[in-house]
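>>> Need coordinates for the following:
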Amino acid sequence: MARPDADLEAAFEVTWVPAETRRCGGLLVGRGLGAGGRVSAARGIGPWTA
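So this is what the prediction gives:
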């Protein structure tokens, strides 16, 4: 799985800060509070399977 470069990853972090973050296997899942219509986001941080 390709990962974003460091600048792009930093942009994600400062433009949408999740209310809560949890690691779920090889995914980092961020939970929003509904502001802006964005509910949640996940990104790969390690090996995972479907």
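>>> Using CSV, write down the CA coordinates of the helix or strand of the chain with the lowest mean pLDDT.
Within the chain, no helix or strand scores below strand 40-44, which has a mean of 77 by mean pLDDT, DSSP states H and E. Output of strand 40-44 as CSV, limited to C-alpha atoms (Å, rounded to 0.1, in the frame of the first residue of the first chain):
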residue,chain,number,x,y,z
SER,A,40,-14.8,9.5,10.0
ALA,A,41,-11.6,8.6,8.2
ALA,A,42,-9.2,5.7,8.2
ARG,A,43,-5.7,5.3,6.9
GLY,A,44,-3.3,2.4,6.6
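>>> which outside residues touch that strand?
Contacts with strand 40-44, where a contact means CB atoms under 8 Å, 6 or more residues apart in numbering, come from 1, 3, 12, 16, 18, 24, 26-32. All C-beta atoms are positioned from the backbone trio N, CA, C, and that covers glycine.
>>> Mind checking which of those residues are in helices?
Phe12 (DSSP state H).
>>> any weak-confidence spans in this structure?
1-4, 35-39, 48, 50 (pLDDT under 70).
>>> what's the nearest residue to Gly30 once chain neighbours are set aside in contact with, if anything?
Leaving aside its chain neighbours, Gly30 sits nearest to Pro18 (3.0 Å; criterion: CB to CB, 6 or more residues apart in numbering). With contact taken as CB under 8 Å, 6+ apart, Pro18 is in contact with 30-32, 40-41.
>>> Can you pull the phi/psi pair for Pro18?
Main-chain dihedrals, Pro18, degrees, to the nearest 10: phi -70, psi 150.
>>> Repeat that for the one 3 residues further on.
Backbone dihedrals for Thr21, given as degrees, to the nearest 10, come out at phi -130, psi 140.
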